[in-house]
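A.B. asks: sharing a sequence plus its predicted fold:
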Amino acid sequence: SWTHGNRSKRGKRQIARGRKRTSLLPVIECLEKRVVLTAGLVNLGLDAGLLQVDGDLTAFTVSEVRQGGTDLNGDGDAFDNILHGANANTGAVTNLGLSILGLHQVDGSLVAFTVNEASQGGTDLNGDGDAVDLVQHLFDASTGIVTNLGIATSPFFASQLDGDSLAFVVSESAEGNTDLNGDGDVFDHVPHVYDVSSGNTNNLELALGGGTPQLVGNLLAFQVRESWQASTDLNGDGDVLDLILHVHDIGSGSTDNLGLQPGFGVSMSEDLVAFGVKENGLGVDLNADGDINDTVSHVYITSTGTTVNLAIAGATPLVDGTVAAWKVSETGQGSTDLNGDGDTHDIVWHVYDTVSGTTTNLGLATNPFQEALQDGRLAFFVLENQQGNADLNGDGDATDQVLHVYDANTQTINNFGLAAFSVVFNG
């Protein structure tokens, strides 16, 4: 069964200066409701929402109001949303007895979530003397233990859970007005990582800017705002106005400052981090086309800790394993005809592989949407009317979008000869 209990190993946290402390409050006793999950359709009898599933574990919230006005966390009211877990393997549905706010994350047997102190009977869960915070928790279904990390998260950034790694963003003001990045104020949002295996929490001591950090395996990519990091010039351009990409390795505890401001998106695997860099932010022509108006493709290779400029005008990449793929604008690439059709108005796929260290121009004009990358294979559509009006599916016209697959392992392209509209990989 799933039960709550104290777990000293995971109850410890390592805060800003390497100090450790255990959770200040005991974990609240859970309430259990069990059903037998048999073949076919089962009514759990719960008004549920925010459903998250991974393998045998399903996590969801139950509204006390919609569950007949039932107090499910023992705080004396019936206005909360209470986290529950269902284990399809053991047949147990368990009420964790904790009121959560925001999305929860499920990975394997783990569920990461934040508990709303105000809705949890006004309980101070991070020991800062108030009960207005959102405090990070972790539930391990394999042991039945809920761990209160005792740290107040920021409501603006979702937690990230992957394997034994949990990343979340801490609000200095909510964490007892504590300066967590050493800049002399308490207004920042600072990324932290929790290692499930060791039970240690590491404060990265950097002020987050931009979007939610991305976690893949043991790697966390995030942007640091210079003006919030004690007005530090992190890319050496003489100002403190930028958002600079950093990559943290949870295993080694090291953080690399890439010294570059990403453009529209960052994609990553455990092998590489791919992103575009805006030329006008640096005042440098990064793809040698004579202007500084482009967003230029870069990759950070995790095995070597090096960043490579691919010198192609690609903004938002796809990443899987050692492969990164970009749609490159011919106009942005110095008005270069990249698919040999005699014009410079197309978007053409390029693929970079860290194994070979080369970038391959596929020479095929694609649409702006609908593609998939998995296991080194890129599936995409080629627009006949932008590929020199070529009839690629043999139907006598040049108005279709035709499915192609590029295999980076063999460096071959397969035209399926089919006018398709969507693609999804599965194995």
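C.D. replies: Received, thanks. Please read all numbers here as calculations on a predicted model, not as lab measurements.
A.B. asks: which ones are touching residue 133?
C.D. replies: When the contact criterion is C-beta atoms under 8 Å, 6 or more residues apart in numbering, the partners of residue 133 are 117, 125, 126, 152, 153, 171, 174, 175. Just so you know, the C-beta spots here come from the backbone N, C-alpha and C atoms, and that holds for glycine as well.
A.B. asks: isn't there a strand covering residue 413?
C.D. replies: Yes: counting by DSSP: H, G, I helix; E, B strand; the rest coil, residue 413 falls inside a strand.
A.B. asks: beta-bridge partners for the residue most central in space within the chain, please?
C.D. replies: Residue closest to the average C-alpha location in the chain (C-alpha atoms, centre = their mean): residue 214, at 3.4 Å. Beta bridges link residue 214 to residue 221 when assigned by DSSP bridges.
A.B. asks: right, and it touches residue 222 too?
C.D. replies: Yes: counting by C-beta atoms under 8 Å, residue 214 does reach residue 222; the two are 7.3 Å apart.
A.B. asks: thinking again about what came up before, residue 142 versus the residue nearest to the centre of the chain, what's the distance?
C.D. replies: Using C-beta to C-beta, to the nearest Å, one gets 26 Å for the distance from residue 214 to residue 142.
A.B. asks: what's the answer for residue 296, then?
C.D. replies: Separation of residue 296 from residue 142 (C-beta to C-beta): 45 Å.
A.B. asks: those two: which has the busier surroundings?
C.D. replies: residue 296 (30 against 11; other C-beta atoms under 10 Å).
A.B. asks: might you report the residue contacts of the more buried one?
C.D. replies: Contacts of residue 296 by C-beta under 8 Å, 6+ apart are 276, 277, 279, 286, 287, 309, 310, 311, 312, 313, 314.
A.B. asks: drop anything exposed from the residues you listed.
C.D. replies: For the contacts of residue 296, a burial check counting by 16 or more other C-beta atoms under 10 Å picks out 276, 277, 279, 286, 287, 310, 312, 313, 314.
A.B. asks: what's near enough to touch the last one?
C.D. replies: Meaning residue 314. Counting by C-beta under 8 Å, 6+ apart, residue 314 touches 276, 295, 296, 297, 326, 327, 328, 329, 350.
A.B. asks: I'd say residue 421 and residue 401 touch.
C.D. replies: Yes: the criterion here is C-beta under 8 Å, and residue 421 meets it with residue 401 at 7.4 Å.
A.B. asks: more neighbours: which of those two?
C.D. replies: Ranked by neighbour count (other C-beta under 10 Å), residue 421 and residue 401 place residue 401 first, with 22 against 10.
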